[in-house]
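# Return a 3D structure for these sequence lines:
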Amino acid sequence: MLAFWFGPPGSAVATAARQRKLWFGKAPENDAAVTERFAPTLDQAARGVLDAWAKTPRGRLALVIVLDQFPHHVYRGRREAFAHDGQALALSLAAVASGEDRELAPIERVFLYLPLEHAESLALQEQAVSLFEALAREAAPAERALFDDFLDYARRHREVVARFGRFPHRNAILGRAPSPAEIEFLERPGSGF
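As a prediction, this is how the structure comes out:
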């Protein structure tokens, strides 16, 4: 699973350049690939069948990716895309609390921290920004721009949650009524990240 998500070993910059479309793109072919290969894995993780993975840092990371990232591929545009956020968040918080996150490569830590960035909680958003600030500070000079970019996204997510208490772009999928301010915000280019 990790080999699929990160590809062959390499620098964080090379890995991100190669994998970015899979990670953050909205391509039907990527959704189909994740669904075909990992929908059963997602189901098992959601039911707790794979909880033993969390006994190692990289196993926990794999479980976080399955629960946090894969639902957005398997259930694109549906409320189920957010159904496992709580499980992923609990795993991430446990790894950070124990210091286990420090055993992972910086590019791996990005995905361990993303459940905090995806949370509709200002306190968790603040924690996410702090974690991404640390990643950027610790980055090798050749990788600093990449980790600064991840930090920028964390800050943008925090700003939205600080303003609205939630992510307005999820409203339609989750059946939430938008406020007038959210409607105005969503009409601006780039508001959905």
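# Over stretch 26-38, what's the mean pLDDT, rounded is fine.
When pLDDT is averaged over stretch 26-38, the result is 96.
# Show me which residues of that stretch are buried.
For stretch 26-38, a neighbour-count test (16 or more other CB atoms under 10 Å) marks 30-31, 34-35, 38 as buried. Every residue, glycine included, has its C-beta placed from N, CA and C.
# Inside helices: which ones of these?
Secondary structure assignment by DSSP state H places 30-31, 34-35, 38 of the buried residues of stretch 26-38 in helices.
# Let me know the closest of those to residue 102.
Set against residue 102, the nearest of those by CB to CB is residue 38 (27.0 Å).
# ok, that closest one - contacts?
Residue 38 makes contacts with 1, 4, 66, 70, 74, as judged by CB atoms under 8 Å, 6 or more residues apart in numbering.
# repeat for residue 146
Counting by CB under 8 Å, 6+ apart, residue 146 has contacts 12-13, 16, 139.
# Most neighbours among those, which one is it?
Highest neighbour count within the contacts of residue 146, by other CB atoms under 10 Å: residue 12, with 22 neighbours.
# residues in contact with it?
105-107, 139, 143, 146-147.
# and the nearest residue to it once chain neighbours are set aside, how many neighbours?
Nearest residue to residue 12 in three dimensions, chain neighbours excluded: residue 107, at 4.0 Å (CB to CB, 6 or more residues apart in numbering). If you count neighbours by other CB under 10 Å, residue 107 ends up with 21.
# Does residue 107 lie in a helix or a strand, and which?
Element membership of residue 107, judged by DSSP states H and E, is helix 106-117.
# contact partners of that helix?
Residues contacting helix 106-117 (CB under 8 Å, 6+ apart): 5-6, 12, 15-16, 58, 60-61, 64-65, 67-69, 85, 88-89, 91-93, 95-96, 101, 104, 124-125, 127-128, 131-132, 135, 138-139, 143, 147, 150, 153-154, 157.
# Generate a ChimeraX selection restricted to the buried subset of those residues.
The buried residues among those can be selected in ChimeraX (16+ other CB under 10 Å) with this line:
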select :5,6,12,15,16,60,61,64,65,67,68,69,85,88,89,91,92,95,96,101,104,124,125,127,128,131,132,135,139,143,147,150,153,154,157
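# Tell me where the model's unsure across the chain.
Along the chain, the model assigns pLDDT under 70 to residues 192-193.
# The longest helix along it to helix 106-117, inter-axis angle?
For the chain, the helix with the greatest residue count under DSSP H is helix 144-164. On the basis of axes from the mean of the first three to the mean of the last three CA atoms, to 10 degrees, helix 144-164 is oriented at 0 degrees to helix 106-117.
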